[in-house]
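Undergrad: sharing a model prediction with you, sequence too.
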Amino acid sequence: MFDDSARRLKNLCNLRNLRIALINLRIANMKPAGIYIHIPFCRSRCSYCDFATGMYSAEAAERYVLALVTEIESWRVVDTPQTVDTIYFGGGTPSLLSSGQLETLLNAVYKRFTVASNAEVTTEINPGSVTKETLAAFRSLGVNRASFGAQTFDDNELARLGRCHSAEDTRRTFHHLRDAGFRNVSFDLIAGLPGQTMAGWRRNLDEAFALAPEHLSFYLLEVHQGTPLANHIRTGLQPRPDEDLAADMYEAMLDRAAAAGYEHYEISNLCLPGLESRHNTKYWTAAPYYGFGCSAHSYDGESRRWANERDVLRYMEMIASGCTPIVDETRLSEVDRRAEAVFLGLRMMQGLSFAEFSRVFGADLREQYQQDLTRFREAGLIECSGDLLKLTRAGALLSNEVFAAFV
Ligand code: SF4
């Protein structure tokens, strides 16, 4: 009798140790996490924007920062959060925050999470929204990367987009960033604007490359229903964007960037060697990221995604009343995870490894998606190179059609 109990106890202990060992192994295998903090305020609303953002007021920003601190400090959504090696302030216009507010938020993150000493800390910055002194203060707080919303260097195009800055503001703020010690700056550029010509786009590229940012994100304009821009186009106030011309602009951008030594590492992103956005890369490589603030999204790196309340006032009310701001949660099935691995992984121009897919999912990517892969290869949208499956340039332009097959 005693022997039986002792054996059972020993087996239980072994089982428990095995489980702990497996959990530790899983944690050790997981990639470091990123923190995303959403700042939902802007000075004015751009005509194409459908982001979760509202008008800036000092009082609302102060209340919102306090709500964010409460959310970060009381956050228990993941039992064993990963070490954090990127922090990203996005929006909206995070550069409307004071340096004191940014410091308060960073302190809350450092208190709640283990942050790597070499963490990439990015803030989005809108031209003309921030002084030289504030940028220097951001830099001294450890912000070491700026994502800079240039969009276009043509003042008429900026006005048509409802942007509240000029091309000169962009140049000036860029030089302020350099003076403040920012050595890792990314520009956002938008191609395919209503009325934009190829000559105009090439002038934009001349201006952007003359400033030599370390990173470039470029987007083809999307017209979202319900935005002022959609109405302008519907009523003929602005011409409908020309999709074929936008595709040519994409090609021109890639050629120009390659000639200047930039690497095209993701469908919409280019960088000087080694200066990929470490934070954004997490979104495409199934690394965990934890989002804070209204409309922020999160992923635990395995099978769980969740999203916060989108409306800023409702978000602050939920935090004030001690409720979780999470309003949506998805458990990914094995099938979902495989599909995500394909359509997110294919965004990276280096391609998706057949061997890695098989190691993670115990399945053969070629067999699982045989028909779609054959169809896209014949259409010239994907190519296989050794162990890698990649989008071609044409595939990068038509990526939504490729990805739809895997969703
Ligand atoms: S600055 Fe960005 S977030 Fe703000 S309104 Fe313009 S596009 Fe939207």
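TA: Structure's in. What do you need?
Undergrad: ok, which stretches of the stretch 151-300 of the chain are helices?
TA: 155-160, 167-179, 198-211, 228-234, 243-259, 278-284 (DSSP state H, counting those that start in this stretch).
Undergrad: hey, which of these is tucked in deepest?
TA: Mean neighbour count, computed with mean count of other Cβ atoms under 10 Å, is highest for helix 278-284 among the helices of the stretch 151-300 of the chain, reaching a mean of 20. Heads up, the C-betas are built off the backbone N, CA and C, glycines and all.
Undergrad: quick one on the thing from earlier: in a markdown table: the helices of the stretch 151-300 of the chain, plus mean pLDDT and distance to the ligand.
TA: Shown next, in a markdown table, are these (pLDDT from 0 to 100; distance: least, Cβ to the nearest ligand atom, whole Å):
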| stretch | mean pLDDT | distance to the ligand |
| --- | --- | --- |
| helix 155-160 | 93 | 11 |
| helix 167-179 | 96 | 13 |
| helix 198-211 | 96 | 17 |
| helix 228-234 | 92 | 11 |
| helix 243-259 | 94 | 18 |
| helix 278-284 | 97 | 16 |
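Undergrad: need those helices in CSV (columns: distance to residue 75).
TA: Shown next, in CSV, are the helices of the stretch 151-300 of the chain (distance: least, Cβ to Cβ, whole Å):
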stretch, distance to residue 75
helix 155-160, 38
helix 167-179, 31
helix 198-211, 38
helix 228-234, 36
helix 243-259, 39
helix 278-284, 18
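Undergrad: residue 321 and the ligand, how far apart?
TA: Distance check for residue 321 against the ligand: by Cβ to the nearest ligand atom, to the nearest Å, it reads 27 Å.
Undergrad: start at 894, not 1
TA: Yep, numbering from 894; the last one is residue 1214 now.
Undergrad: what sits against that residue?
TA: Listed by Cβ atoms under 8 Å, 6 or more residues apart in numbering, residue 1214 has no contact partners.
Undergrad: so how far is residue 1208 from it?
TA: Going from residue 1214 to residue 1208 by Cβ to Cβ, to the nearest Å gives 11 Å.
Undergrad: same deal with residue 962?
TA: 13 Å.
Undergrad: who has more neighbours out of these two?
TA: residue 1208 (25 against 20; other Cβ atoms under 10 Å).
Undergrad: I figured the more buried one was touching residue 963, is that so?
TA: No: contact between residue 1208 and residue 963 fails when scored by Cβ atoms under 8 Å: they sit 11.0 Å apart.
Undergrad: residue 962: which element?
TA: Assigned by DSSP states H and E, residue 962 belongs to helix 951-966.
Undergrad: kindly report the same for residue 927.
TA: Going by DSSP H and E, residue 927 is part of strand 926-932.
Undergrad: OK, contacts around residue 1270?
TA: 1276, 1277.
Undergrad: thinking again about what came up before, what packs against the helix or strand following the strand holding residue 927?
TA: Toward the C-terminus, strand 926-932 is succeeded by strand 934-935 as the next helix or strand (DSSP H and E). With contacts taken as 3 or more Cβ pairs under 8 Å, 6 or more residues apart in numbering; DSSP states H and E, strand 934-935 sits against strand 947-948, helix 951-966.
Undergrad: contacts made by the first one with the rest, please.
TA: Contacts made with strand 947-948 from outside it, assessed by Cβ under 8 Å, 6+ apart, are listed as 933, 934, 935, 936, 937, 938, 953, 1205.
Undergrad: mind putting these in JSON lines, distance to the ligand, pLDDT and neighbour count included?
TA: Below are these laid out as JSON lines (distance: Cβ to the nearest ligand atom, whole Å; pLDDT from 0 to 100; neighbours: other Cβ atoms under 10 Å):
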{"residue": "933", "distance to the ligand": "8", "pLDDT": "96", "neighbour count": "26"}
{"residue": "934", "distance to the ligand": "8", "pLDDT": "94", "neighbour count": "20"}
{"residue": "935", "distance to the ligand": "3", "pLDDT": "94", "neighbour count": "20"}
{"residue": "936", "distance to the ligand": "8", "pLDDT": "90", "neighbour count": "13"}
{"residue": "937", "distance to the ligand": "7", "pLDDT": "90", "neighbour count": "13"}
{"residue": "938", "distance to the ligand": "5", "pLDDT": "91", "neighbour count": "15"}
{"residue": "953", "distance to the ligand": "15", "pLDDT": "95", "neighbour count": "16"}
{"residue": "1205", "distance to the ligand": "13", "pLDDT": "96", "neighbour count": "23"}
